[in-house]
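1. quick one, structure for this:
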Amino acid sequence: MSHRHRVYGDHINIKTENTRSFYNERAKAIESMANPYVAVLLGDQNPTHAEQWNRFEKDFVLPQLRITPTSSVLDIGCGIGRWAESIIPAAGYYCGTDFSSEMVEAARKRNSYADCDYDFHCLSFQETVCKPAEFYKKGFNRLIVGGVCMYINDEELPGCYDGVLKLLDEHCIVYFTETVAVEKRLTLDECPSEALKTNYDVIYRTPKEYKEYYKVFTDAGFVIKEQKYLPHLNSEKQFIETDRWYTIMER
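-> Reported below is the predicted structural model:
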């Protein structure tokens with residue numbers, strides 16, 4: 001069912017180049033935002049939400065990733081380096097990738113550490129997993145994919161999950177988080193957003209759909225340790241159809 005720019009239930013493609021442009025522009029505008037995390041976590045209508053979500057993930061999720069000097073972390077959709085600022089000083093190696101060149105540039109500027117081993121690359125999820133293993137300094141025993149898959153069309157997503165498995169070590173912890181449709185799949189197709197002051201393209205899949213995608217991980221030996229919604233912050237009527245949902249798996 002479709003209502004102008006809001007498509008319910010049906011599987012349609014979004015224009016991913018629009019998303020790249022959207023995030024490039026947000027990266028350029030970081031200095032004018034209430035806090036830098038708004039650039040990647042959105043919530044422009046209430047900037048404190050981005051700060052609260054960031055704090056929850058750093059206080060509650062990050063300890064479950066058990067980052068140590070032996071950890072090699074791949075952060076797909078690294079944005080401005082939100083995770084990098086906590087992980088780089090603690091890990092043995094960190095690699096952040098993002099398909100927005102402006103976001104990657106912001107991440108490099110915001111994260112400068114002496115005597116730490118880390119890289120940032122301008123690569124989409126699809127490009128990240130297509131690079132040969134030798135492109136990276138080592139295999140990864142930690143994986144973060146945050147707010148990325150909702151911008152990838154259905155026909156490309158299985159290849160992303162299959163491909164990233166080849167980059168992971170035998171023992172590994174993965175963290176996925178996406179904004180999902182609470183009840184029924186919703187696609188925004190160049191949808192005007194009053195909160196974002198621009199058109200917005202995104203696929204809000206249901207948790208049930210992501211659970212099907214994640215079977216490639218459980219089939220490869222991963223065990224789901226935790227799977228639930230993040231603390232609900234948006235109470236505005238226009239946001240009741242979606243929420244932030246996450247999964248932690250370990251092998």
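
2. quick check, central residue of this protein?
-> Gly146 (1.8 Å; CA atoms, centre = their mean).

3. shaky segments in the stretch 101-250 of the chain?
-> By pLDDT under 70, the weakly predicted segments of the stretch 101-250 of the chain are 191-198, 232-239.

4. mind jotting down where the helices sit in it?
-> 101-110, 125-130, 157-165, 207-213, 215-219 (DSSP state H, counting those that start in this stretch).

5. can I get those in a markdown table including distance to Met150 and mean neighbour count?
-> Using the backbone N, CA and C atoms, a C-beta is placed for each residue, glycine as well. Formatted as a markdown table, the helices of the stretch 101-250 of the chain follow (distance: least, CB to CB, whole Å; neighbours: other CB atoms under 10 Å):
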| stretch | distance to Met150 | mean neighbour count |
| --- | --- | --- |
| helix 101-110 | 16 | 19 |
| helix 125-130 | 11 | 18 |
| helix 157-165 | 10 | 17 |
| helix 207-213 | 10 | 15 |
| helix 215-219 | 18 | 14 |
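
6. and those helices as JSON lines, adding distance to Leu230?
-> Formatted as JSON lines, the helices of the stretch 101-250 of the chain follow (distance: least, CB to CB, whole Å):
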{"stretch": "helix 101-110", "distance to Leu230": "21"}
{"stretch": "helix 125-130", "distance to Leu230": "21"}
{"stretch": "helix 157-165", "distance to Leu230": "21"}
{"stretch": "helix 207-213", "distance to Leu230": "12"}
{"stretch": "helix 215-219", "distance to Leu230": "20"}
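
7. how about those helices, which one is nearest Thr177?
-> helix 207-213 (10.2 Å; CB to CB).

8. how far does stretch 156-173 stretch from start to finish?
-> Length of stretch 156-173, first residue to last, CA to CA, to the nearest Å: 23 Å.

9. phi, psi of Asp154?
-> Main-chain torsions, Asp154, degrees, to the nearest 10: phi -50, psi -40.

10. right, I mislabeled it, should have said Thr16
-> According to degrees, to the nearest 10, Thr16 has phi -70, psi -20.

11. same check, this time on Ile80
-> Per degrees, to the nearest 10, the backbone of Ile80 is at phi -80, psi 10.

12. you'd agree it is up against Met103?
-> Yes - if you go by CB atoms under 8 Å, Ile80 and Met103 touch, sitting 5.9 Å apart.

13. thinking again about what came up before, excluding covalently adjacent residues, which one is nearest to the residue nearest to the centre of the chain?
-> Thr177 (4.9 Å; CB to CB, 6 or more residues apart in numbering).

14. is the one you found bridged to anything, and to what?
-> Legend: beta-bridge partners of Thr177 under DSSP bridges are Gly146, Tyr246.

15. got a list of what it touches?
-> Residues in contact with Thr177, defined by CB atoms under 8 Å, 6 or more residues apart in numbering, are Glu57, Val145, Gly146, Gly147, Leu230, Arg244, Trp245, Tyr246, Thr247.

16. select, from those, the two members most distant in space.
-> Top of the distance list for the contacts of Thr177 (CB to CB): Val145 and Leu230, 14.8 Å.

17. who's more crowded, those two?
-> Val145 (21 against 17; other CB atoms under 10 Å).

18. that one reaches Tyr175, doesn't it?
-> Yes - counting by CB under 8 Å, Tyr175 is a contact partner of Val145 at 7.4 Å.

19. tell me which element the closest residue to Thr187 other than its chain neighbours falls in.
-> For Thr187, ignoring the flanking residues on the chain, the nearest one in space by CB to CB, 6+ apart is Val7 at 4.3 Å. For Val7, the host element (DSSP states H and E) is strand 6-8.
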